[in-house]
Every structure is written in structure tokens, then in C-alpha cells.
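Engineer: whatever this is, show me its structure:
(one chain, ligands or ions: 3)
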Amino acid sequence: MKKFSVVIAGGGSTFTPGIVMMLLDNKDRFPLRSLRLYDNDAERQGVLGEALAILLKEQAPDVEFLYTTDPEVAFTDTDFCMAHIRVGKYAMREQDEKIPLKHGVIGQETCGPGGLAYGMRSISGMMEIIDHMERYSPNCWMLNYSNPAAIVAEACRVLRPNSKVLNICDMPVGTLRRMSQIIGKQPKELDVRYFGLNHFGWWTSVKDKEGNEYIDQIRDYVAENGYLTQVEVDTQHMDESWQATHKKAKDLLEVDNRFLPNTYLKYYLFPDEEVAHSNADYTRANEVMAGREKTVFDAARKIVANGTAENSDFHIDSHASFIVDLARAIAFNTHERMVMIVENNGAIANFPDDAMVEVPCIVGSDGPEPLAQGRIPAFHQTLMYQQVMVEKMTVEAFIEGSYQKMWQALTLSKTVPSAKVAKELLDDLIEVNGDFWPELK
Ligand code: NAD
Ligand code: G6P
Ligand code: MN
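Structural biologist: Ligands and ions are numbered 1, 2, ... in the order given. Next comes the predicted model:
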């Protein structure tokens, strides 16, 4: 069987150990010859790199392993780049969340003004790693988790239309895992129909392989409990703030109960409530730094101190399994059905062809083939159209260096109450983002 060479870009990410563990766990299904980490922060990546070097030496000595900040070393002779960079790191995520809250607006990693600010930072970082990949390994596929995925995907569509970059999100998989628990199935036993944008979509069908439909049963459960389940479903999306998010799906469903909502819709449908429940001095970035980041880096330091990865605190989650399944689907032409972010081109019949949408696809060696989801109701179409234009205008603002377009993008966001607030926000965001953003004129 062919063996693959993988580079993880954003090697210092809190999600790197999980993905590495998952790759090792799947070596019989997805054989590895080489695994590399790449990051532009040597110190951060070094902590994880040193620990993972010990782990690989013990658990997979046949796999060549290294970590580097040199793009040539990282990207030469690679088959897959699994990317999850965070341009500006948690320090800037904290700003994305806190600045909007000061203006009474949603402060969130990927939704609302914070997401647009993050988008403006991510585009150059993403284009840079795509270029490294294509320069040193022209046939390599990039499987990209880096957020904000909607804006990154639109930027890829416009700026790198021929690049082999697949943008993905783990929320549909994470929520499907909860749904499968609700109906007593395994996620892999289920096929879904789904339409939307990234962090902005709905399930229209959840069936088993025999064709039995479970959407009504799940809807009844969600109407009572949201996606809160009794059983621990994962290591991800478990903090208290996430539990509130899963529960909130109950209210989202009340707004329109034809389909099952993605939890991220709460920022657009209930922004006032979300702002009221936010603490402008302690946001999700603070929670993640005190939680996941600390846990993962402490676990790495423990491995290094002990000189062994035996009984390590690294663990696998559905985030890692999705990206490994995707690599496998491409490597072995498995034709697995997966929800991906792709150019619409008719998949949603009454939505623009050139919109980056999130829909189920059949994934094989040539990449994803989107499945037609038909026409969508006016309510969903209108919400989506407004949001997709926000995303497109942000990318245009980036490319043209246009202050006016960025102001309009912010004004158009459903999370922002007026052009006045949008402008005040923009001026604050420009100031704190400094050189992370292109100059806007
Ligand atoms: P993190 O800050 O722990 O890791 C990101 C790493 O990227 C850091 O080590 C940083 O130094 C590095 N980095 C930043 N800019 C870079 C550049 N230009 N080139 C190379 N490396 C660079 O963040 P995290 O919480 O582990 O999340 C990582 C990313 O994955 C984020 O973008 C996050 O939003 C995304 N994510 C996406 C999904 C999804 O559903 N698509 C799910 C989970 C996480
Ligand atoms: C989900 C989303 C990701 C997002 C993450 C944030 O998994 O799909 O796009 O980055 O949540 O989680 P965090 O724990 O960092 O707040
Ligand atoms: Mn996501």
C-alpha cells in the first residue's frame, strides 16, 4: 500500500496532538511515511514538536518526523497539508471578541465583526502557505481547517482558483455525533442532507443506510433539549459555554422548525441575548487559554519532562477523525459522503453559483463532488444571501484595500445595528490589527 507524507501547518496548534494521535491510530487505513510540523512560531511549535518526537519514536519509529519553521523543509515531497493556522493567535482572538462587545455587538471568533477582522488577518497567512505548498509539492492537497473558513474559502476561490485546497469545518460532524447519540446510532451509519454557508446552515435529512429518516425524532428531542445529550460525546465542544450553545439550538428551532439548525446561527438570530450573556472582560479566548491551550501544552511539557509519552494526556476527537477520513477519501478514492465548503454551482438551486456554500459532497481522488440540495425557502435564502455578501465584500475589501467596502461589509452584517456602529467598530479594529491587516484607504 502507498505510504503518505503529511505536513501539519500551524504545528503549534492545540489541535495538532489530536490529529497526530489520530494519524497514528489510522496507520493501517492511511499509511504514513513522513510527518512534519510547520509553524511560524518556533517556540510555540517546539513545545508540541519535542513531545510528539518522543511519542513518535515510541509508537511509530518507522515514520520520519520533524518540526520546522522552514517552508522548504516542511513542504518538500508532501502529499497532504493539514492546515489550521491562527493568524494573530489567541491574543488577537481576544481582541476580535472584546472590541465588538464594547460596542454592544456580538464578539465571536468567526461570526460578526470579530470573524471579519479575523478574516482580514487570515487571508495573507493562508495564501502564503498555499504558495509554499505549490512551490515545493505541486501535487499536494491542502485540507484546511483555518478559520474563518467561510472567508478563507471565498479568498481561495478568488485568489487561488486552481489550487488544491479543500476548506472544512468540524461543526457538522460534531453535531451529527450528538444527533447519532440522540437516536442511538453511530455517526458513520448516517447520511445527511444539509445546506448553508460555513457556520450558517441547516440539516434537512438524517437517514441511516437503509433509508430510514430520523429527522422528526431528532427534531422532537432538539425542541426539548437542543443538542444537549446525556452522554459525554467528545472531548471537544464540552466546556460550559459550549453546553449553553448546544442547548440554544432549541430556540433556533422555534424560529423555523422545518430543518435542524447549526448552532452558530444563534449569533445571527439572537444577537441581543448573546451580547447580554457575554462578559466583555472574559470571553471564549480567555476560556480556551485557561482550558484547552493549558491542558494541551501542559501534557506536552509532561511528556518531555518524563522522557516518555506513555500514559500521555493527549487525546483523539471527532475534529481529528474528520480530517483523517478526508485525506483517506482522496488518497484511496473512497467516495465517502462528507459535508464540505465548496463553490455552489447549482448545488443549492436558488443561490448564486459563485457563493462558497456548505453541502454534502462525495469525496474521491479528484476532490469533492457536491450533491444537489434543491431549492431552499425564502427565509433561509435571504439570511444566507445577506451573510454571503458580507463574506464576499470582506474579501473584496482585502484585495482592493478598500475602507469603504469593509465599512459596508460590517454594515451589512446582521450582527451590527447601524452604519454608525459599523464605522466605529472598523476604526477600532484597524487600530488593534495594525500590520496584520492590509492598509485600507
Ligand atoms: P492555536 O493558536 O493553538 O494554533 C494556531 C497555530 O498557527 C499557532 O501555533 C500559530 O503560531 C500558527 N500560525 C499563525 N500564523 C501562521 C502562519 N502564517 N504560518 C504558519 N503558522 C501560523 O489555535 P487553535 O485554537 O488550535 O486553532 C487553530 C485553527 O484551527 C484556528 O484557525 C481555528 O479557528 C481553527 N479551527 C477550525 C475548525 C473548523 O471547524 N474549521 C475547528 C477547530 C479549529
Ligand atoms: C467549532 C467550529 C470551529 C471553531 C471551534 C471553536 O469546532 O467548527 O470552526 O474554531 O468550534 O472552538 P473553541 O473551543 O476554540 O472556542
Ligand atoms: Mn468550524
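Engineer: so what's residue 256 up against?
Structural biologist: When contacts are counted by CB atoms under 8 Å, 6 or more residues apart in numbering, residue 256 touches 377, 379-380. All C-beta atoms are positioned from the backbone trio N, CA, C, and that covers glycine.
Engineer: switch the cut-off to 6 Å
Structural biologist: residue 379 (CB atoms under 6 Å, 6 or more residues apart in numbering).
Engineer: relative to residue 351, how far out is it?
Structural biologist: Relative to residue 351, residue 256 is positioned 17 Å away (CB to CB, to the nearest Å).
Engineer: cool, and residue 308?
Structural biologist: 53 Å.
Engineer: next one: residue 93
Structural biologist: From residue 93 to residue 351 the distance is 30 Å (CB to CB).
Engineer: of the two, give the one with the bigger neighbour count.
Structural biologist: residue 93 (26 against 22; other CB atoms under 10 Å).
Engineer: find the residue closest to the more buried one in space, skipping its chain neighbours.
Structural biologist: Among residues not flanking residue 93 along the chain, residue 285 sits closest, at 4.3 Å (CB to CB, 6 or more residues apart in numbering).
Engineer: and that neighbour, what is it in contact with?
Structural biologist: 90, 93-94, 97.
Engineer: quick check on the residues you listed: which are buried?
Structural biologist: Neighbour counting with 16 or more other CB atoms under 10 Å marks 93-94, 97 as buried within the contacts of residue 285.
Engineer: can you pick out the ones from the residues you listed that are in strands?
Structural biologist: Among those, no member is found in strands (DSSP state E).
Engineer: can you lay out those as CSV showing pLDDT and distance to ligand 2?
Structural biologist: Output for those, formatted as CSV (pLDDT from 0 to 100; distance: CB to the nearest ligand atom, whole Å):
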residue, pLDDT, distance to ligand 2
93, 98, 8
94, 98, 12
97, 98, 10
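Engineer: can you add distance to residue 418 and give those residues back as JSON lines?
Structural biologist: Converted to JSON lines, the buried ones among the contacts of residue 285 look like this (distance: CB to CB, whole Å):
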{"residue": "93", "distance to residue 418": "25"}
{"residue": "94", "distance to residue 418": "25"}
{"residue": "97", "distance to residue 418": "21"}
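Engineer: nearest to residue 314 among the residues you listed?
Structural biologist: residue 93 (22.6 Å; CB to CB).
Engineer: how close does that closest one sit to residue 293?
Structural biologist: 11 Å.
Engineer: what of residue 44?
Structural biologist: When distance is defined by CB to CB, residue 44 is 10 Å away from residue 293.
Engineer: flag every residue of the stretch 51-200 of the chain that's near ligand 1.
Structural biologist: For the stretch 51-200 of the chain, the contact set with ligand 1 under CB under 6 Å from any ligand atom comprises 84-87, 89-90, 125, 128-129, 145-147, 149, 169-171.
Engineer: whichever strand or helix holds residue 178 and ligand 2 in contact?
Structural biologist: Using DSSP states H and E, residue 178 sits within helix 171-183. Yes - interface with ligand 2: helix 171-183 contributes residue 171 (CB under 6 Å from any ligand atom).
Engineer: I figured residue 202 hits residue 259, correct?
Structural biologist: Yes - with contacts counted by CB atoms under 6 Å, residue 202 reaches residue 259, the gap being 3.7 Å.
Engineer: which strands and helices sit next to the helix holding residue 178?
Structural biologist: Counting contacts by 3 or more CB pairs under 6 Å, 6 or more residues apart in numbering; DSSP states H and E, helix 171-183 is packed against helix 215-225, helix 318-331.
Engineer: give me whichever of those helices is most buried.
Structural biologist: Ranked by mean neighbour count, the helices and strands packed on helix 171-183 are led by helix 318-331 with a mean of 22 (mean count of other CB atoms under 10 Å).
Engineer: and it, anywhere near ligand 3?
Structural biologist: No - shown here: helix 318-331 not in contact with ligand 3 (CB under 5 Å from the ion), separated by at least 9.2 Å.
Engineer: what is the mean pLDDT for the very next helix or strand once past that helix?
Structural biologist: Later in the chain than helix 318-331, the nearest helix or strand by DSSP H and E is strand 336-343. Here strand 336-343 scores 98 as its mean pLDDT.
Engineer: kindly report the same for stretch 368-380.
Structural biologist: 98.
Engineer: and what about the closest residue to residue 193 other than its chain neighbours, helix, strand or coil?
Structural biologist: Spatially, and ignoring its direct neighbours in sequence, residue 193 is nearest to residue 205 (3.9 Å; CB to CB, 6+ apart). Put simply, residue 205 is strand when judged by DSSP: H, G, I helix; E, B strand; the rest coil.
Engineer: surely residue 205 and residue 194 touch.
Structural biologist: No - with contact defined as CB under 6 Å, residue 205 does not count as touching residue 194 (8.3 Å).
Engineer: give me the more crowded residue out of these two.
Structural biologist: residue 194 (23 against 16).
Engineer: pretty sure residue 303 belongs to a helix, no?
Structural biologist: Yes - counting by three-state DSSP, residue 303 is part of a helix.
Engineer: that one and residue 296, how far apart?
Structural biologist: For residue 303 relative to residue 296 (CB to CB), the value is 11 Å.
Engineer: check residue 102 too.
Structural biologist: Applying CB to CB to residue 102 and residue 296 gives a distance of 30 Å.
Engineer: how long is stretch 261-278 end to end?
Structural biologist: 22 Å (CA to CA, to the nearest Å).
Engineer: got the contact list for that stretch?
Structural biologist: With CB under 6 Å, 6+ apart, stretch 261-278 has contacts from 101, 104, 106, 108, 111-112, 199, 201-202, 245, 248-249, 252, 255, 414-415.
Engineer: cutoff 8 Å now
Structural biologist: 101, 104-108, 110-112, 171-172, 175, 196, 199-202, 227, 244-246, 248-249, 251-253, 255, 383, 387, 414-415.
Engineer: contacting residues for residue 331?
Structural biologist: 2, 4, 30, 79-80, 365.
Engineer: try it again at 7 Å.
Structural biologist: 4, 30 (CB atoms under 7 Å, 6 or more residues apart in numbering).
Engineer: pLDDT wise, what is it at?
Structural biologist: 98.
Engineer: residue 41 and ligand 3: what is the separation?
Structural biologist: Per CB to the ion, to the nearest Å, residue 41 is found 22 Å from ligand 3.
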